[in-house]
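Novice: sharing a model that was predicted from the sequence below.
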Amino acid sequence: MVDYKCFSCGQRLSDEELRRKLRCPYCGDKLFYKPRQVPTKVVAR
């Protein structure tokens, strides 16, 4: 399952919600993005 965010209102949307309709159910916008995760830093010893 992939989460997307609406560019206008910032609400999280699942990929299943977007399969039905390519509009945000909260504000009606068509622009979405996939938020990046913060990478974990590992220190080599």
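Specialist: Received, thanks. Residues are numbered from 1 along each chain as shown.
Novice: drop to CA atoms for contacts and neighbour counts, all remaining ones
Specialist: OK.
Novice: and the helices in this protein?
Specialist: With DSSP state H as the criterion, the chain has helices at 15-20.
Novice: tell me the contacts of Phe32?
Specialist: Tyr4, Lys5, Cys6, Phe7 (CA atoms under 8 Å, 6 or more residues apart in numbering).
Novice: pLDDT score assigned to it?
Specialist: Turning to Phe32, the model gives it a pLDDT of 89.
Novice: picking that back up, tell me the buried residues within the contacts of Phe32.
Specialist: Buried residues within those, counting neighbours by 16 or more other CA atoms under 10 Å: Tyr4, Lys5, Cys6.
Novice: which one of those is nearest Ala44?
Specialist: Nearest to Ala44 among the buried ones among the contacts of Phe32: Tyr4, at 33.5 Å, using CA to CA.
Novice: okay, the contacts of Phe32 in TSV with distance to Arg20 next?
Specialist: As requested, the contacts of Phe32 are exported to TSV (distance: CA to CA, whole Å):
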residue	distance to Arg20
Tyr4	14
Lys5	16
Cys6	15
Phe7	18
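Novice: in JSON lines, list these along with pLDDT and distance to Pro35.
Specialist: Formatted as JSON lines, the entries for these read as follows, by pLDDT from 0 to 100; distance: CA to CA, whole Å:
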{"residue": "Tyr4", "pLDDT": "90", "distance to Pro35": "7"}
{"residue": "Lys5", "pLDDT": "92", "distance to Pro35": "7"}
{"residue": "Cys6", "pLDDT": "91", "distance to Pro35": "10"}
{"residue": "Phe7", "pLDDT": "91", "distance to Pro35": "10"}
